[in-house]
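K.L.:
attaching a predicted model along with its sequence, questions to come.
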Amino acid sequence: MRAVLQRVTAAAVRVEGTVVGAIDLGWAILLGVRGGDTSKEAVRLAERVAQLRGFDDGSGRMNRSLLDVGGSALVISQITLYADLDRGRRPSFAPAAPPDQARTLVDEFCARLESLGAPVRRGVFGADMQVEISNDGPVTFILDE
């Protein structure tokens, strides 16, 4: 699994013009699932996201986690994180997990993150979404599990 985390002061996702998920302080998470990923990766990645010290501690150091700052997560599934761009001009999504497997693992990731104490909002799996992100810093991390 792969997560692109952007530290945000606000983020929202819209489907057909309607806001389906929004947060203030926290992580906007673009989440990709690779074929062969399992629950183990989903759980471990959620734990890493919750505990990653990417928020300022008041003295200008990234010393606080999402849980420490009382932040939220906006999780948006994104198949394009596993696009194969090695040949031609059209991306291949063969490395990505099939939709049923991906949906299950995205659900498990979100459930684990919530069980750790982080409020989770979501996009709509497989939908055409418009994402608004106010990246703070800018701070962006890529985590692979």
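P.N.:
Here it is on my side, so go on.
K.L.:
assign the residue lying farthest from the centre of the chain to helix, strand or coil.
P.N.:
The outermost residue of the chain relative to its centre, with distances by Cα atoms, centre = their mean, is residue 88 at 28.3 Å. Three-state assignment for residue 88 (DSSP: H, G, I helix; E, B strand; the rest coil): coil.
K.L.:
roughly how far apart are it and residue 96?
P.N.:
17 Å (Cβ to Cβ, to the nearest Å). The C-beta positions use only the backbone N, C-alpha and C, and glycine is treated the same way.
K.L.:
same check, this time on residue 145
P.N.:
As for residue 145, its distance to residue 96 is 15 Å (criterion: Cβ to Cβ).
K.L.:
these two: who's more crowded?
P.N.:
Neighbour comparison, residue 145 and residue 96: the larger count goes to residue 96, with 21 against 18 (by other Cβ atoms under 10 Å).
K.L.:
quick check: beta-bridge partners of the more buried one?
P.N.:
Residue 96 has these beta-bridge partners by DSSP bridges: residue 34.
K.L.:
test my guess that it contacts residue 35.
P.N.:
Yes - proximity of residue 96 to residue 35 meets the contact threshold set by Cβ atoms under 8 Å, at 6.6 Å.
K.L.:
doesn't residue 68 fall inside a strand?
P.N.:
No - using three-state DSSP, the assignment for residue 68 is helix, not a strand.
K.L.:
hey, what's the closest residue to it other than its chain neighbours bridged with?
P.N.:
What sits nearest to residue 68 in space, not counting adjacent residues and going by Cβ to Cβ, 6 or more residues apart in numbering, is residue 55, at 6.8 Å. Counting by DSSP bridges, residue 55 forms beta bridges with residue 64.
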